[in-house]
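**Q** Please find the sequence and the predicted model below.
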Amino acid sequence: SRDYDAESERKKTVEEFYSVNHINQTYEFVQRMRDAYGRLDKTEMSIWECIELLNEFIDDSDPDLDMPQIEHLLQTAEAIRKDYPDEDWLHLTGLIHDLGKVLLHPSFGELPQWAVVGDTFPVGCAFDECNVHSKYFKENPDYHNPEFNTKFGAYSEGCGLDKVLMSWGHDDYMYLVAKENKTTLPSAGLFIIRYHSFYPLHKHGAYTHLMNEEDKENLKWLHVFK
């Protein structure tokens, strides 16, 4: 039988996670983190060393994932390989898509969970109501800033997601790592890494007014992935 007390405890943890996440993920905070982590001066390691580091962590934002990260990554890569045997770049993307979670580790600054995991969303424009636990955005300073609280905020229609600052976490970090290391992954692979936690977009269809044509093509691959 399932332990419903444990389940409600988990639910509470997830909600607490999102309250802190939504209050602290501001435009200014994201800029600061991208500047600090975009320098890639923390450490050097292989993909496999990185995967082994991740085994120490459980993701507080995920209501039903209690398996070690290593299993999650291998299962993802294998499932994709079965369905898309000829798309080798997609298998690799599946294996590395969550490696940015090393931000939780002391050698990468030991960032709190709210700055590493969870659904991601644009900062610098109005927070969409389809964001999970969106009520907590009312306590985010940007919510009251006329520069950032309109539909387009700091952006313009069809500007492309590349020009949009996303809440800081493992997606954007791994994207920066791959890009700076001159990855040979196609743009769809980078798109998957950067936006796989952007559930408001790929699950609810929000924020499409910021996308350009390339984003729309790449989104098809993200749907395959998710």
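**A** Yep, that arrived.
**Q** wait, doesn't residue 117 sit right on residue 167?
**A** No - in this structure, residue 117 is not within contact of residue 167 by C-beta atoms under 8 Å, at 10.8 Å. Backbone N, C-alpha and C define where each C-beta goes, glycine included.
**Q** Now do the shared contacts for these two.
**A** Residues touching both residue 117 and residue 167 (C-beta atoms under 8 Å, 6 or more residues apart in numbering): there are none.
**Q** residue ranges for the helices of the protein, please.
**A** Listed from the start of the chain, the chain has helices (DSSP state H) covering 4-24, 27-37, 47-54, 69-83, 88-96, 170-180, 187-195, 199-202, 213-225.
**Q** Out of those, which is closest to residue 122?
**A** helix 199-202 (8.5 Å; C-beta to C-beta).
**Q** neighbouring contacts of the closest one?
**A** Outside helix 199-202, the residues that touch it by C-beta under 8 Å, 6+ apart are 119-121, 128, 130-132, 195-196, 206-208, 219, 222-223, 226.
**Q** Show me what counts as buried in stretch 149-164.
**A** Along stretch 149-164, these residues count as buried under the neighbour rule (16 or more other C-beta atoms under 10 Å): 149, 153-155, 159, 161, 164.
**Q** Looking at those residues, which two lie furthest apart in space?
**A** In the buried residues of stretch 149-164, the most distant members under the criterion C-beta to C-beta are 149 and 161, with 19.6 Å between them.
**Q** want to throw the buried residues of stretch 149-164 into TSV with pLDDT?
**A** Output for these, formatted as TSV (pLDDT from 0 to 100):
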residue	pLDDT
149	97
153	98
154	98
155	98
159	98
161	98
164	98
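**Q** give me the number of residues near residue 40?
**A** The tally of other residues near residue 40 (other C-beta atoms under 10 Å) stands at 13.
**Q** again, but for residue 88
**A** By the measure other C-beta under 10 Å, the count of residues near residue 88 is 10.
**Q** returning to what we had before: what's the PyMOL line that selects buried ones from the contacts of helix 199-202?
**A** Selection of the buried residues among the contacts of helix 199-202 in PyMOL, burial being defined by 16+ other C-beta under 10 Å:
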select buried, resi 119+120+121+128+130+131+132+195+196+206+207+219+222
